[in-house]
Every structure is written in structure tokens, then in C-alpha cells.
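>>> Next come a sequence and a model predicted from it.
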Amino acid sequence: MDPDNPDFMIADVVVATAGRDAGKLFYVIDTDEAYLILVNGKDRALEKPKRKKRKHARKVLRSETRVAEKIRQGDRVLNSELRRDLAYFSRELQSNATGG
């Protein structure tokens, strides 16, 4: 895997590394050669996703939650479900970073 162009997949959780949304978590809902289509259910809702260059995002984990499965299958997902899952992942990452 090329570190400059990691292999992103639909339903991966990524963190933005550049721009005004740097440090925020997002779900990948679509990809192409150069861009990721990202949502977080809050400032980037499903109705208005964020298009971000691949090099400006870092893969955090491959999610195996119910929401991630719904995204992969193309089922309807609510913005509130996205917010709840990403808040949980954010708390987990912070507790792991602090050694908790």
C-alpha cells in the first residue's frame, strides 16, 4: 500500500488532516481516483457531503458497526446515527491516546 495514497473503502472512518475540518472524524460514503466523499452527520450531513482529496485524509479504522454495514449495503442512514457512531469513536480514540 502506497502511504501517499492509502486504500480507502466505503464505510471507513477517516480523520481530516487539512483544511478547516482538520482533526474531525468522517465516514467515507463514496470514493474515486482523487477524492473521498465524506459525511459526519453534523456540519457535513448526508444531504451535503464533503469532497476531500485523498491526501488530506488519514484512515483511522475499518468500522464494523451497524451504521457502517448500512452504508456498505446502501441502506438509509440517519445523520443522528452518524453523529452517535463518530462521537463514540472520538471518545475511544481520546481514551486510547491518554492511556485509558
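On my side now, so go ahead.
>>> can you pull out the strands in the chain?
For the chain, the strands defined by DSSP state E occupy 12-16, 25-31, 35-39, 50-53, 57-62.
>>> Compare those and give me the one nearest residue 79.
strand 35-39 (7.9 Å; CB to CB). The C-beta positions use only the backbone N, C-alpha and C, and glycine is treated the same way.
>>> Quick one: residues in contact with the closest one.
With contact meaning CB atoms under 8 Å, 6 or more residues apart in numbering, strand 35-39 is reached by 8, 14, 16, 26-31, 44-46, 49-54, 57, 79, 82.
>>> Scan the protein for its longest helix.
helix 79-97 (DSSP state H).
>>> still on that earlier bit, of the strands of the chain, which is nearest residue 70?
Among the strands of the chain, strand 25-31 sits nearest to residue 70 (CB to CB), with 10.4 Å.
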